[in-house]
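Trainee: Build the 3D model from these lines:
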Amino acid sequence: MGAEGERPDRIRTALFVDFDNIYSCFKDLYGEITAKNFGNNVEKWVEWIERSAIGISDSGRTCSRKLLLRRCYLNPEWYKDYRNNFTLAAFEVVDCPKLTRQGKTSTDMHLVMDVLDALAFPVRLDEFIILSGDADFTPLLLRLRRHDRLTAIFSAGYASAAYRAASDRIIPVDDFISNGLSEHRGVHANGGPTSHFQAVTPESAPAECAPPAVLELLSELPGAAVDIQTPVAESSFGDPPLERVPGVRLGPKSSFPGQVSLISRITALTDVPRLLRSEYAMLFKELADEINSNGFHPENTSLAVQRRCADKHVMVMQGYIDRVMEGCHRANHWFSKGKESAATIAQGYLAYVEELCRKADFKMSEIELALLHNWLTGKKIPRRVQSLAN
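Mentor: Modelled structure (predicted):
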C-alpha cells in the first residue's frame, strides 16, 4: 500500500466520477430527488467515501483513506448546474460535451487516459475508485490489477458480471444512498446499514446471502437447507416457502432436475437476484398491486412493495425489488397505474434476464429456456421438453 515505511495505515486513493452515467441511472431508477441529491451534495458523499473503512493493514489497524486525486467528467451542456458543486468539493472537472448526434461524449477516453497517467504519479496511488456502471472500463480495472492497485466501483444501475469481477470492492447502492446521501432506503441488501465497501468474495455475493429474517423463514420449511454462506438446496427454488400466492400460478411444487444449477449459472453471469420462485411471484404481484393503487414513484415504490411482501410474511430485500424494476425498465416495460399485472411484469423481467444472458454469451438450450421460464413466470415445463431432458 504505499512505499515501505511511509504511513502503511493510510490508503492513497484516486476518485473518478462518470457523472452522466451515475446521475442518469439514479434518475431513471430511484427518481429525480435522489439524482439531484447526488449532484448537489457532493461534499457529503465524498466525505463518506473518504472515512469509510477499507480493511486491515499489516499492523492490524484499520486503514484510513485519503483522496489525493478527485476528477469528475460531465457534459456541460446538460449538467452545468452541478459543475460548481464538484469544484467546491476539490474536484478537477473535465468537460465532456457531446460529440455525436446521439449524445456520445468523450468521457470514456478521458477517464481511461487519466487513470493510466495516474499510475506514473510520483506519489504512489494505492487505490482507484470509479463511479460508473460502464462495463467498457473492465479492461482498465484489469490493467490496474496487473499493477497491484486496489480498485472499487460504484454503479447506480446494472453492472455486468465481468465488470464486478474485475474490481476488488463494490460500493453497494443502498449504502451509498443511505450513508452517502443520507436517504432512508429501508432494509439494506446485507440486512443492516454499513459504513464500508463490500469486498468481492464468495461469502459476500448477494445471490448467496440472506438476512436473518429470511433464514428464519426458510428454516421452517421441510427440506430447505439454507445458510448465509451455503447455496440454496436443490428443492428450495421450486417449493414455495409459504402458502400459494392468491392469483399467481407458481407452477409445479418441486424443481425440475438441473434447475438450480442453471439458476446458479445465470445469477453468477448476470447478478440477478437469486430468489425462490414463490418469492418472485409474490414480488411481481405486490409490485403490480402497488403501482395499480398508488402509481409508480421510483423514490417510494420499492419500499412500499417490500412492506407489502413483509405483511405476507415474505422478506424480499429492497435492493432486489429495485433490480426487478430496473430490469422491467430496460426491457421497455413502462409501469402504468391501473394497467399492471403480475404476469406482464414477470414477462418484462424475463425478457430482461434473457437479454443479460445473451450479452454474457450464454446460449440456452430449449430445456434451459423452459427451466428459466418456469423459475421466473411459473410456466409449466412442457412434457415434450421433460422427455428430452430424461
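Trainee: center of the protein - which residue?
Mentor: Tyr158 (5.5 Å; CA atoms, centre = their mean).
Trainee: Give me the distance between that one and Thr34.
Mentor: 17 Å (CB to CB, to the nearest Å). C-beta here means a position set from N, CA and C on the backbone, and glycine is covered the same way.
Trainee: same question, Glu127
Mentor: From Glu127 across to Thr34, the span is 26 Å (CB to CB).
Trainee: Then Leu262?
Mentor: Taking CB to CB, one finds Leu262 at 35 Å from Thr34.
Trainee: Please apply the same query to Leu142.
Mentor: Taken as CB to CB, the span from Leu142 to Thr34 is 31 Å.
Trainee: and the residue lying closest to Ser160 once chain neighbours are set aside, what is it in contact with?
Mentor: Distance criterion CB to CB, 6 or more residues apart in numbering; nearest residue to Ser160, sequence neighbours excluded, is Ala135 at 4.3 Å. By CB atoms under 8 Å, 6 or more residues apart in numbering, the residues touching Ala135 are Ala159, Ser160, Ala162, Tyr163.
Trainee: Tell me which two in the residues you listed are the farthest apart.
Mentor: Farthest-apart pair in the contacts of Ala135 is Ala159 and Ala162; separation 9.3 Å (CB to CB).
Trainee: of these two, who's got more company?
Mentor: Using other CB atoms under 10 Å as the criterion, Ala159 and Ala162 rank with Ala159 on top: 20 against 15.
Trainee: Thr270 contacts Glu354, correct?
Mentor: No - the pair Thr270 / Glu354 is not scored as a contact, 9.9 Å apart, by CB atoms under 8 Å.
Trainee: These two: who's more crowded?
Mentor: Higher neighbour count among Thr270 and Glu354: Thr270, with 22 against 19, using other CB under 10 Å.
Trainee: Let me see the contact set for the closest residue to that one other than its chain neighbours.
Mentor: Excluding the flanking residues, the one nearest Thr270 by CB to CB, 6+ apart is Leu356, at 4.0 Å. Counting by CB under 8 Å, 6+ apart, Leu356 touches Tyr158, Leu269, Thr270, Val272.
Trainee: Check Ser155 too.
Mentor: Ile22, Cys25, Ser132, Gly133, Tyr163, Val173.
Trainee: same check, this time on Gly133
Mentor: Gly133 neighbours (CB under 8 Å, 6+ apart): Asn21, Ile22, Cys25, Ser155, Ala156, Gly157, Tyr158, Ala159, Tyr163.
Trainee: quick revisit: would you turn the contacts of Leu356 into a markdown table with distance to Asp148?
Mentor: Conversion of the contacts of Leu356 to a markdown table gives the following (distance: CB to CB, whole Å):
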| residue | distance to Asp148 |
| --- | --- |
| Tyr158 | 29 |
| Leu269 | 28 |
| Thr270 | 30 |
| Val272 | 32 |
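Trainee: Mind picking the two most distant members of those residues?
Mentor: Longest distance between any two of those is 12.4 Å, between Tyr158 and Leu269; criterion CB to CB.
Trainee: can you list the contacts of Ala135 in JSON lines and add pLDDT, distance to Asp81 and secondary structure?
Mentor: Formatted as JSON lines, the contacts of Ala135 follow (pLDDT from 0 to 100; distance: CB to CB, whole Å; DSSP: H, G, I helix; E, B strand; the rest coil):
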{"residue": "Ala159", "pLDDT": "79", "distance to Asp81": "27", "secondary structure": "coil"}
{"residue": "Ser160", "pLDDT": "79", "distance to Asp81": "31", "secondary structure": "coil"}
{"residue": "Ala162", "pLDDT": "82", "distance to Asp81": "34", "secondary structure": "helix"}
{"residue": "Tyr163", "pLDDT": "86", "distance to Asp81": "29", "secondary structure": "helix"}
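Trainee: nearest to Leu303, of those?
Mentor: Ala159 (22.3 Å).
Trainee: surely that closest one meets Val272?
Mentor: No - Ala159 lies out of contact with Val272 (CB under 8 Å); the separation is 11.9 Å.
Trainee: any weak-confidence spans in the stretch 1-150 of the chain?
Mentor: Residue ranges of the stretch 1-150 of the chain with pLDDT under 70: 1-9, 53-62, 99-103.
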